[in-house]
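Undergrad: Starting from these lines, generate the structure:
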Amino acid sequence: MPPIVVQNGTLLRYMLDRYDPSSLKRLRRFLERQGVFTFKPLRTHLFPAAIVDRSNRHSGYHHVWVRDNVHVSHALYVHGDARAAARCLSALMEFFSRHRHRFEDVIDGDAAPADIMSQPHVRFDGATLRESREIWAHAQNDALGYFVWMYCLLACRGLLKPTSSDVSVLGMFARYFRAIRYWTDEDCGHWEEERKIEASSIGTVVAGLAKLRELLATGPNRREAAGLSDAELRVLEDRGRTQLRRILPHECIQKTKKRRTDAALLFLVYPLDVVGQAMGKRILADIAERLEGPYGIKRYAGDSYWAADYKEKLSPSERTVDFSDTVEARNALLSPGEEAQWCLFDSIMSAVYGRRFQRTRKPADFVAQTHYFNRALGQLTEPLPGIPAFRCPEAYYLSRGRYVPNDHTPLVWAHANLLVAMKLMETSLAE
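TA: Alright, predicted model coming up:
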């Protein structure tokens with residue numbers, strides 16, 4: 001395996017090619033002292049996308065994203081803080097309940113699915129649970145699927161106790177997915193860009209529907225409250241699974257929008273677990289071969305977000321606007337091979353190999369788990385102007401020929417997934 005780039009040399013005292021319970025505990029204590037695993041929610045129990053101040057508030061990362069919050073709550077759940085995870089999902093449920101007309105208008109035909117701002121909002125003011133008036137690429141079926149999946153997972157474990165009204169909202173999600181025909185719907189997906197039929201979005205909805213079906217099976221009263229039969233949910237879920245078999249291992253196979261590999265597919269392997277072992281291996285191999293770089297993992301080949309010298313080419317107000325309809329203009333900024341390398345994915349790669357090792361006990365899987373865990377650790381920052389030490393950036397990008405953290409540091413769901421990787425390392429060593 002290629003050598004690991006370590007941004008903060010202090011970590012070299014703690015990083016090992018092979019950990020044991022004692023050395024991993026020592027590493028964890030050090031990271032905890034640095035605040036790596038400290039997550040500070042808003043008073044609503046939701047989490048902003050990144051820690052921002054006046055100097056970088058223009059980024060909009062003080063908003064909350066549904067997707068990010070599900071990943072943070074999942075990390076808290078895996079870590080054993082089910083109470084914090086449940087509070088976060090309850091707040092999301094409250095937001096969707098307040099704004100359920102977004103779903104109902106589409107279901108009833110009073111709003112066109114093509115109108116992005118009429119769709120359920122997936123980025124909003126987390127402090128007030130109010131929608132933002134800013135134009136945004138809200139057509140994100142994956143974000144909605146994530147919410148249903150995580151809410152139902154916690155409810156199935158008895159960690160959330162949904163009311164009849166809550167179950168009704170969950171049923172509304174399913175009817176919305178049916179109304180937009182999610183299995184052929186073009187959405188903006190994980191990266192909020194050009195609308196297309198994406199396997200990563202379809203798979204996330206499938207995971208949500210499967211977990212909803214599991215929850216409703218716990219009692220006829222819940223099926224009645226949801227307004228959906230098990231047979232209806234099975235048909236809806238199966239349409240997505242059929243489409244996944246057509247598309248995977250690609251992200252998109254539409255003629256003019258093809259994308260061979262996208263790191264968002266990794267989430268279908270973990271934590272969603274909606275693909276089989278063979279397809280999971282294929283996805284991991286594709287990402288390692290096509291997207292992995294020395295500093296992180298690209299979202300996809302040709303990704304122009306935070307292209308080289310991004311801050312010199314775009315003003316602060318232009319860097320994080322809605323590019324869903326104008327991505328071609330941004331793509332003109334990119335030279336081949338100069339995509340930003342993100343810090344979200346190595347932790348997930350480690351988690352996938354950790355789950356595999358816990359099943360197979362094959363040494364090669366543990367080696368891979370440790371390798372990607374150390375890559376994720378290596379991304380923690382050295383102290384830089386405006387950026388504290390030991391923080392997970394959103395990405396490293398090229399600035400005047402050198403890879404540096406982008407402005408969105410620390411990125412909360414990158415820290416959350418590093419916590420997941422740590423927990424699964426502990427599990428591998430304990431068994």
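
Undergrad: So what's the residue count around the closest residue to residue 60 other than its chain neighbours?
TA: Closest residue to residue 60 apart from its sequence neighbours, by Cβ to Cβ, 6 or more residues apart in numbering: residue 320 at 5.4 Å. (Glycine included, C-beta is placed from N, CA and C.) Other residues near residue 320 come to 18 when the count uses other Cβ atoms under 10 Å.

Undergrad: Report the residue spans of the stretch 251-400 of the chain with pLDDT below the cut-off.
TA: Across the stretch 251-400 of the chain, not a single residue meets the criterion (pLDDT under 70).

Undergrad: ok, so what distance separates residue 362 from residue 266?
TA: 20 Å (Cβ to Cβ, to the nearest Å).

Undergrad: Among those two, which residue is more densely surrounded?
TA: residue 266 (23 against 12).

Undergrad: Where does that one fall, secondary structure wise?
TA: helix 266-269 (DSSP states H and E).

Undergrad: Check whether the residue nearest to residue 60 sits in a helix, strand or coil.
TA: coil (DSSP: H, G, I helix; E, B strand; the rest coil).

Undergrad: Surely it and residue 61 touch.
TA: Yes - with contacts counted by Cβ atoms under 8 Å, residue 320 reaches residue 61, the gap being 7.5 Å.

Undergrad: any idea where the strands of the chain begin and end?
TA: 64-65, 123-125, 130-131, 341-342, 395-399, 402-405 (DSSP state E).

Undergrad: Turn the ones you listed into TSV, columns for distance to residue 236 and mean neighbour count.
TA: Shown next, in TSV, are the strands of the chain (distance: least, Cβ to Cβ, whole Å; neighbours: other Cβ atoms under 10 Å):
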stretch	distance to residue 236	mean neighbour count
strand 64-65	25	26
strand 123-125	26	21
strand 130-131	27	16
strand 341-342	32	26
strand 395-399	35	23
strand 402-405	41	18
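
Undergrad: what's the closest of those to residue 388?
TA: Residue 388 sits nearest to strand 402-405 of all the strands of the chain, at 10.7 Å, using Cβ to Cβ.

Undergrad: From residue 343, how far out is the closest residue to residue 291 other than its chain neighbours?
TA: Nearest residue to residue 291 in three dimensions, chain neighbours excluded: residue 298, at 4.4 Å (Cβ to Cβ, 6+ apart). From residue 298 over to residue 343 the distance is 12 Å, taken as Cβ to Cβ.

Undergrad: Repeat that for residue 123.
TA: Counting by Cβ to Cβ - residue 123 and residue 343 are separated by 20 Å.

Undergrad: How about residue 41?
TA: 21 Å.

Undergrad: before we move on, what about residue 166?
TA: Counting by Cβ to Cβ, the gap from residue 166 to residue 343 is 34 Å.

Undergrad: next one: residue 189
TA: 19 Å.

Undergrad: about what we covered before: please say which of residue 298 and residue 343 ends up with more neighbours.
TA: A count of neighbours by other Cβ under 10 Å puts residue 343 above the other of residue 298 and residue 343, at 31 against 23.

Undergrad: Go ahead and confirm the more buried one touches residue 395.
TA: Yes - Residue 343 lies in contact with residue 395 (Cβ under 8 Å); the separation is 6.3 Å.

Undergrad: Quick check: neighbours shared by the two?
TA: Jointly contacting residue 343 and residue 395 under the rule Cβ atoms under 8 Å, 6 or more residues apart in numbering are residue 296.
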